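**Q** Sharing a sequence plus its predicted fold:
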Amino acid sequence: MEIANERKLDLVNVAPNAKPPVCKILNYGKYKYELAKKEKEARKNQKVINVKEIRLTPNIEIHDLTTKAKRAIDFLNNGDKVKVSVRFRGREMGHTEKGREVLDDFLELMDDNAVVEKAAKMEGRNMTMFLVPKSE
């Protein structure tokens, strides 16, 4: 502590649990600034992945399905994940196989642009499937 006071620096306990404890003599303010700078630089290089949702119904027509597929391709080209969900209402709940067919047709349209991350699964009144961009 005397040496640190002579040099007008701080005594920082680096590894307090080690035997014997490890300390460093350094300028603590500068040290904290450098850590914050490194953390900010690491955050800058991260890619934020958003999840975009496409909602379908079990009795959707093919033209509407292709329009939704084009929109999903745009999302995938931007690097986002796509959640495709088929919403069942009323008596449609008795025909969930129709919703699975719709998701399969949608997947055929997306074949060269997307890969299934999570297969189709029923969650309450919705059947959902997650798509991610196909990597080269």
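**A** Looks like it arrived, so ask away.

**Q** Tell me which residue is most central in the protein.
**A** Central residue of the chain (C-alpha atoms, centre = their mean): residue 49, 4.3 Å from the mean position.

**Q** list the contacts for that residue?
**A** Residue 49 makes contacts with 79-81, as judged by C-beta atoms under 8 Å, 6 or more residues apart in numbering. Glycine gets a C-beta too; all of them are placed from N, C-alpha and C.

**Q** top strand in this protein by residue count?
**A** Scanning the chain for the strand with the most residues, using DSSP state E, yields strand 114-123.

**Q** In this structure, where is pLDDT below threshold?
**A** Along the chain, the parts satisfying pLDDT under 70 run over 136.

**Q** Please enumerate the helices of it.
**A** Counting by DSSP state H, the segments of the chain that form helices are 2-6, 28-44, 62-77, 96-109.

**Q** want to throw the ones you listed into JSON lines with mean neighbour count and distance to residue 121?
**A** Converted to JSON lines, the helices of the chain look like this (neighbours: other C-beta atoms under 10 Å; distance: least, C-beta to C-beta, whole Å):
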{"stretch": "helix 2-6", "mean neighbour count": "10", "distance to residue 121": "60"}
{"stretch": "helix 28-44", "mean neighbour count": "10", "distance to residue 121": "33"}
{"stretch": "helix 62-77", "mean neighbour count": "15", "distance to residue 121": "18"}
{"stretch": "helix 96-109", "mean neighbour count": "16", "distance to residue 121": "10"}
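
**Q** Of the ones you listed, give the one that comes closest to residue 12.
**A** Nearest to residue 12 among the helices of the chain is helix 28-44 (5.9 Å), distances taken as C-beta to C-beta.

**Q** Tell me the helices and strands packed up against that closest one.
**A** strand 10-15 (3 or more C-beta pairs under 8 Å, 6 or more residues apart in numbering; DSSP states H and E).

**Q** Contacts for the strand it packs on next, please.
**A** With C-beta under 8 Å, 6+ apart, strand 10-15 has contacts from 1, 4, 21-28, 31.
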